[in-house]
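1. Predicted model, plus sequence, below.
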Amino acid sequence: MLPFNVEISARSAEGDAVTDVPKAFKRQHRLSRVAGWLNHTTRNWSIAKKIGFGYTLSVSVAVLGTTVGLVIGDYHHGKAQKQQAITNQQHQLLSQIENAVGSVRAHPQRLVAVLGESIWFDYEKTKFLGGVNQINNLLTEFDQFIETYPTSLAADTQASKQLLKRYRANTVAYAASTKTLWQQLNPANLQATDVPSAQRQLLTALTEKKYLVINVEFDRLSENLARLKQVAEVQQAQATNGLRDAESLRLKIIVGSMLLSVAIAVLLAIATSQAIVKPLQALNQVARAVVSESNFNLRSSITTLDEVGSLATSLNQLVEWVGEYTHELELARQTLEQRVVERTQALTEALNEIKQTQTQLIQSEKMSSLGQLVSGIAHEINNPVNFIYGNLKHTDTYIHDLLQLIQSYRQHYPQPVLPVQEEIEAIDLDFLIEDVPKLISSMQMGAERIRQIVLSLRNFSRLDEAEMKPVDIHEGLDNTLLILNNRLTREVQVIKQYGDLALVYCYPAQLNQVFMNILANAIDALHEVKKAAPNFSPQIRIQTEQVDAGTIRVAIQDNGLGISPEIKAKLFDPFFTTKAVGKGTGLGLSICYQIVEKHQGRIEVISEPGQGAEFVILLPIPDLYTAE
């Protein structure tokens with residue numbers, strides 16, 4: 001329904017009766033009548049029909065107004081363009097006539113320079129005749145222009161035709177006189193000695209009366225032509241200004257018509273949209289009131305028979321049904337909320353258990369695989385190393401005996417035969433006697449070092465120790481450092497400050513895993529700082545002490561950048577990591593926390609940004625701790 005209701009009131013001043021109705025009042029009254037008619041007409045229309053009517057009317061008005069503006073503007077613009085083209089053509093013809101006459105009149109002066117040169121003389125003749133033809137053609141063209149545009153000339157038609165006639169007659173006389181002059185000069189038989197005489201004859205002929213009359217006539221015609229040309233230039237400027245004004249007028253007409261059309265279209269569109277929006281707003285207010293106040297007794301009034309009316313009817317039915325079901329839903333919601341809370345709590349606990357179990361299974365599988373690999377490698381290395389280490393002792397004894405024998409030979413036979421003496425000098429026997437014991441000693445030290453590494457690998461994996469047992473914590477720390485030796489390099493300084501500790505009743509492999517994760521994280525952090533600051537000196541400090549009769553303390557501290565409070569709060573969360581994708585799983589510290597907690601100990605982090613990080617592990621000792 002279109003909202004065209006207009007209130008009309010008129011009050012007389014100081015009780016005087018209104019004797020004359022203003023024009024604005026009449027116009028408002030007419031608009032009110034139109035609005036009332038539209039309101040009555042569209043009351044029973046559907047929304048689609050209202051929208052179609054409104055937009056069709058709006059687009060029609062806009063297109064019609066813009067088209068009318070374009071047509072009027074194009075008419076004035078085309079008229080101005082035509083006038084400018086006529087003035088340009090007139091000015092161009094006058095300029096061409098003036099230039100052609102000037103070129104022809106310069107012909108006698110050019111003949112003076114080419115006398116005695118028959119080729120150039122013929123060239124000038126040909127050029128003169130061409131100029132005369134050009135003048136005649138231009139005069140004919142201008143004559144046609146006068147016939148075509150008699151009302152657009154710089155001068156009246158008769159004066160223009162008279163000027164052309166005089167130009168044509170004077171050109172013919174000038175051409176005839178020039179041809180006579182050519183015959184008198186007889187350039188074909190002219191010798192070099194006759195050139196000065198011919199030049200004087202030519203100059204004398206140019207001062208004769210007939211030539212003077214023709215030139216004077218040309219001068220008069222040129223003055224008339226110049227005045228005509230000035231008038232033509234004024235016309236040309238006026239035509240240009242007219243074209244500019246026409247273009248401006250066309251633009252104003254187009255813009256004005258478009259703005260007017262758009263304004264009318266917008267008003268119609270607003271009126272049409274309001275016819276649809278107002279009932280919807282009323283319906284929306286009822287719906288909002290029902291929702292905000294939970295008042296299911298509210299109903300929407302039905303004022304139209306279109307889709308909005310149908311929607312209002314449906315909404316009233318829906319509100320009634322919702323009111324009936326709301327009470328039942330409230331009772332069901334209260335019961336359901338209690339069940340959801342109970343089930344959510346149970347699911348949360350189960351999910352946490354699953355995550356912890358999954359984490360432990362993954363890490364256990366990894367450590368089991370690593371332990372089997374390390375144990376196998378240690379076993380394979382241990383057999384040949386034991387063989388080498390066991391035979392080195394016998395080798396040392398045999399070589400010692402051989403050296404003793406050589407010394408005995410040298411004492412009893414100080415002067416050996418010449419071949420033996422040469423061989424002694426060739427092999428440098430004295431150096432061999434001195435160096436061989438050193439080689440054997442070095443080989444023994446290397447074999448012993450390999451045996452220690454193999455023993456550390458076996459102690460670190462501890463696959464044969466699945467039960468809890470008393471363990472020396474220092475041995476686990478040293479074995480872990482030995483495993484990480486290739487990552488420590490010479491750049492990272494490790495400072496050990498071991499105290500006197502009692503044995504700890506624990507799972508050795510699991511505690512070694514805790515030390516491994518913490519030390520590996522410290523090494524990674526120090527390497528990152530070293531990359532950014534080459535002069536940085538990385539350092540890891542390991543301190544152990546017995547806090548009291550029932551607890552030992554293991555502190556692993558680095559001098560890196562430290563840990564921010566935000567990150568420190570999440571360090572032991574599963575799957576939380578600050579490393580790049582592919583370089584960390586976020587399980588290491590979470591597993592460390594679970595292992596320490598399993599041993600009835602606790603792990604703490606002491607760190608400030610820029611002050612490094614310290615991980616403190618507190619573990620019970622056997623006197624106060626019994627296995628489960």
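-> Happy to help now that I have it.
2. just checking, next helix/strand downstream of the host helix or strand of P108?
-> When elements are assigned from DSSP states H and E, P108 belongs to helix 107-114. Using DSSP H and E, the next helix or strand after helix 107-114 towards the C-terminus is helix 118-148.
3. angle of that next one against helix 107-114?
-> Inter-element angle recorded for helix 118-148 and helix 107-114: 170 degrees (by axes from the mean of the first three to the mean of the last three C-alpha atoms, to 10 degrees).
4. buried ones in helix 118-148?
-> When neighbours are counted by 16 or more other C-beta atoms under 10 Å, the buried residues of helix 118-148 are found to be 121, 124-125, 128, 131-132, 134-136, 138-139, 142, 145-146. Quick note: C-beta positions are derived from backbone N, CA and C, even for glycine.
5. farthest-separated two in those residues?
-> Pairwise distances across the buried residues of helix 118-148 (C-beta to C-beta) peak at 37.7 Å, for the pair F121 and I146.
6. circling back: which neighbouring elements make contact with the helix holding P108?
-> In this structure, helix 107-114 makes packing contacts with helix 118-148, helix 157-185, helix 195-206, judged by 3 or more C-beta pairs under 8 Å, 6 or more residues apart in numbering; DSSP states H and E.
7. In CSV, list those along with distance to N517 and mean pLDDT.
-> Output for those, formatted as CSV (distance: least, C-beta to C-beta, whole Å; pLDDT from 0 to 100):
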stretch, distance to N517, mean pLDDT
helix 118-148, 104, 80
helix 157-185, 111, 78
helix 195-206, 120, 70
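8. so can I have CSV of the ones you listed showing distance to E425?
-> Converted to CSV, these look like this (distance: least, C-beta to C-beta, whole Å):
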stretch, distance to E425
helix 118-148, 117
helix 157-185, 131
helix 195-206, 125
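9. Compare those and give me the one nearest N535.
-> helix 118-148 (93.6 Å).
10. who's in contact with the longest strand anywhere in the chain?
-> In the chain, assigned by DSSP state E, the strand with the most residues is strand 539-548. Residues outside strand 539-548 that contact it (C-beta atoms under 8 Å, 6 or more residues apart in numbering): 473-474, 477, 492-502, 519, 522-523, 526, 552-559, 618, 621.
11. what's the neighbour count on Q89?
-> Applying the criterion other C-beta atoms under 10 Å, we find 18 residues in the vicinity of Q89.
12. roughly how far apart are it and Q594?
-> In this view, Q89 and Q594 are 102 Å apart by C-beta to C-beta, to the nearest Å.
13. Over to R220?
-> R220 sits 123 Å away from Q594, going by C-beta to C-beta.
14. When the two are compared, which one has more neighbours?
-> Between R220 and Q594, counted using other C-beta under 10 Å, the more crowded position is Q594 (19 against 12).
15. gap between the residue lying farthest from the centre of the chain and L403?
-> For the chain, the largest distance from the centre (C-alpha atoms, centre = their mean) belongs to H412, which lies 96.0 Å off. Counting by C-beta to C-beta, the gap between H412 and L403 amounts to 15 Å.
16. For T313, identify the helix or strand it belongs to.
-> Per DSSP H and E, the secondary structure element for T313 is helix 307-412.
17. and the next element down the chain from that helix?
-> Per DSSP H and E, helix 307-412 leads on to helix 418-427 as the next helix or strand towards the C-terminus.
18. And for that following helix, what's in contact with it?
-> By C-beta under 8 Å, 6+ apart, the list of residues contacting helix 418-427 from outside reads P416.
19. pull the CA atoms of it into CSV?
-> As requested, C-alpha coordinates have been extracted for helix 418-427 and formatted as CSV (Å, rounded to 0.1, in the frame of the first residue of the first chain):
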residue,chain,number,x,y,z
LEU,A,418,126.2,-54.2,6.3
PRO,A,419,122.7,-55.4,5.0
VAL,A,420,121.3,-55.4,8.5
GLN,A,421,122.9,-51.9,9.2
GLU,A,422,121.3,-50.5,6.1
GLU,A,423,117.8,-52.0,7.0
ILE,A,424,118.1,-50.4,10.5
GLU,A,425,118.8,-47.0,9.0
ALA,A,426,116.0,-47.4,6.4
ILE,A,427,113.3,-48.2,9.0
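20. Now do the buried residues in that helix.
-> For helix 418-427, using 16+ other C-beta under 10 Å, no residue counts as buried.
21. How about stretch 246-266?
-> Those buried within stretch 246-266 under the rule 16+ other C-beta under 10 Å are A246, R250, I253, I254, S257, S261, V262, I264, A265.
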